[in-house]
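1. based on what follows, work out the 3D shape:
(one chain, ligands or ions: 1)
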Amino acid sequence: MKIIQRGRDMMVNTLAVLGGKPAFRQPLHVGRPNVGNQNDFVDRARRAMDTRRLTNDGPFVKGLEARICKMLQAKHCIAVANATLGLQLVAGALGLAGEVIVPSFSFIATAHALLWDGITPVFADIDPRTHCLDPKSVQDKITDRTSGICGVHVWGNPCAVEELQIIADAYGLKLYFDAAHAFCCAGPGKMLGNYGEAEVFSFHATKFFNTFEGGAITTNDDDLAQHLRMMRNFGFPGGGAPPRCLGINAKMNEISAAMGLTNLDFLKEFMNINYVNHKLYCQLLEDIPGIMMIDYRENYAHNYQYVVMEFVNEFLDADDLQAILQAENILARRYFSPPCHETPPYSITYHLPITDMVARRTLALPTGTAVHEDDIIKICDIIRYVVENAEKIDAQLPRLID
Ligand code: T4K
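-> I've put the predicted structure just below:
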């Protein structure tokens with residue numbers, strides 16, 4: 001592997017943020033969609049149009065659900081229009097009310113899906129290693145009003161699924177998971193998709209597997225699955241019968257499912273590319289002082305969708321580093337900063353020290369099929385250079401940032 005030590009030859013004032021030329025002509029994205037064989041997709045889309053079967057539990061949706069069940073070894077898969085609606089359906093089908101405990105370090109949809117239905121999300125702290133819910137903090141947040149716990153498999157890292165289940169059982173709470181990041185990731189012994197009452201995956205364009213927009217709920221509970229299917233379709237049980245429960249339109253359409261079936265054929269390829277990219281980033285960044293890579297457990301299946309680092313430096317913070325990288329056309333993202341509890345409509349003062357620390361430090365770097373070895377080498381060289389020259393860069397930055 002060639003290592004271009006370009007960063008070492010750079011001068012501070014050649015950084016784009018200080019007036020130099022950007023290192024990349026085209027922007028590098030964190031969430032550039034992975035797309036399988038375009039002809040396969042167009043063939044499927046044409047079939048949907050030829051047969052005039054465009055939505056309402058059509059053959060592509062059914063086919064996608066069947067393949068996902070097989071891959072995850074889950075009994076039921078209910079494809080949905082997006083994961084946010086999927087989370088709302090699960091909360092409704094489980095009869096959640098009052099308060100549900102969630103991590104604040106998550107995408108805002110985890111909390112919004114509850115509040116939208118009048119349920120109060122109560123924010124708990126996270127484990128600094130995995131960035132997922134800390135069971136001890138969850139226990140501390142339980143009140144008489146608590147009806148459920150929603151764990152989030154942040155970055156695809158499995159939550160402490162077993163510990164959370166023990167707490168849920170002990171207090172008679174419903175446990176479910178926001179698995180938006182975790183399609184094709186495993187927990188201790190089973191694929192994610194098989195834990196708690198139900199798990200919800202996102203197939204948004206920026207996820208490693210996408211259906212343009214979309215998602216899926218998996219569960220091993222027959223009654224819950226049947227209820228979720230009805231809720232997805234206005235409460236209709238099918239076969240022309242009248243509605244049996246409260247429902248909404250959360251159906252996935254046939255064109256999205258066609259994209260899903262197409263992309264499923266390339267899943268291994270996407271995962272391999274993510275894996276190679278992740279390894280290379282770790283290899284090139286891990287000896288840089290103040291950079292901690294969020295690593296994944298090698299013995300667990302993983303999609304390696306996100307390359308996430310924590311950044312600690314005496315002179316620069318993660319916002320500075322993001323601004324420096326963005327000027328180079330490296331569109332690093334500061335997920336999930338600020339954390340949910342600090343943003344409207346929540347804006348609540350909570351004591352969540354680990355969440356606050358992690359949110360201050362975290363940066364997601366570009367990866368996926370549109371990011372190549374040379375790009376990563378160049379990105380890492382720039383990061384190394386920034387760290388090695390942080391004091392000098394800091395002296396010039398305040399004039400340009402803020
Ligand atoms: N729970 C969790 C834990 C989640 O992370 C999410 C979603 C959900 C629940 C809800 O799932 P869905 O209801 O969305 O199914 C993205 C996604 O919109 C969102 O789905 C995702 N999490 C969240 C973490 O990230 P942004 O703010 O990163 O999107 P955007 O438009 O800034 O795109 C990121 C980068 O990707 C940009 O540099 C542009 C590039 N891009 C994006 C799109 C959409 C493309 O190149 N092509 C594209 O089509 O939110």
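2. every contact and neighbour count from this point should use C-alpha atoms.
-> Fine.
3. next, give phi and psi for Gln283.
-> phi -60, psi -40 (degrees, to the nearest 10).
4. which positions within stretch 219-239 qualify as buried?
-> Buried positions in stretch 219-239, judged by neighbour count with 16 or more other C-alpha atoms under 10 Å: 219-220, 224-225, 227-237.
5. quick check: closest non-adjacent residue to Ala124.
-> Ranked by C-alpha to C-alpha, 6 or more residues apart in numbering and with sequence neighbours excluded, the top spatial neighbour of Ala124 is Pro103, at 5.0 Å.
6. out of the buried residues of stretch 219-239, who's nearest Lys268?
-> Thr219 (23.8 Å; C-alpha to C-alpha).
7. specify the beta-bridge partners of the closest one.
-> His76 (DSSP bridges).
8. these two touch, right, it and Leu192?
-> No - Thr219 is beyond contact range of Leu192, at 10.4 Å (criterion: C-alpha atoms under 8 Å).
9. which residues do those two both contact?
-> Residues touching both Thr219 and Leu192 by C-alpha atoms under 8 Å, 6 or more residues apart in numbering: Glu199.
10. now the strands for this structure?
-> Secondary structure of the chain, counting by DSSP state E: strands at 28-29, 76-80, 99-103, 120-124, 146-152, 174-178, 199-202, 215-219, 291-293, 307-311, 330-331, 362-365.
11. before we move on, what's the pLDDT of the residue lying closest to Leu94 once chain neighbours are set aside?
-> Closest residue to Leu94 apart from its sequence neighbours, by C-alpha to C-alpha, 6+ apart: Lys174 at 7.2 Å. Listed pLDDT for Lys174 reads 98.
12. enumerate every residue touching Lys174.
-> Leu94, Leu96, Ser147, Gly148, Ile149, Ala168, Gly196, Glu197.
13. quick one: neighbours of the closest residue to the last one other than its chain neighbours, just the number.
-> Among residues not flanking Glu197 along the chain, Tyr176 sits closest, at 5.3 Å (C-alpha to C-alpha, 6+ apart). Around Tyr176 there are 27 other residues, counting by other C-alpha atoms under 10 Å.
14. reformat the strands of the chain as a markdown table; add distance to Ile379.
-> A markdown table is the format used below for the strands of the chain (distance: least, C-alpha to C-alpha, whole Å):
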| stretch | distance to Ile379 |
| --- | --- |
| strand 28-29 | 10 |
| strand 76-80 | 36 |
| strand 99-103 | 31 |
| strand 120-124 | 34 |
| strand 146-152 | 29 |
| strand 174-178 | 31 |
| strand 199-202 | 28 |
| strand 215-219 | 32 |
| strand 291-293 | 14 |
| strand 307-311 | 12 |
| strand 330-331 | 8 |
| strand 362-365 | 9 |
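15. out of those strands, which gets nearest to Asp57?
-> Closest of these to Asp57 is strand 76-80, at 9.0 Å (criterion: C-alpha to C-alpha).
16. so how far is Leu87 from the residue in the stretch 251-400 of the chain that the ligand sits nearest to?
-> With C-alpha to the nearest ligand atom, the shortest gap between the stretch 251-400 of the chain and the ligand falls at Leu331, namely 5.9 Å. Separation of Leu331 from Leu87 (C-alpha to C-alpha, to the nearest Å) stands at 29 Å.
17. then Leu133?
-> In this view, Leu133 and Leu87 are 17 Å apart by C-alpha to C-alpha.
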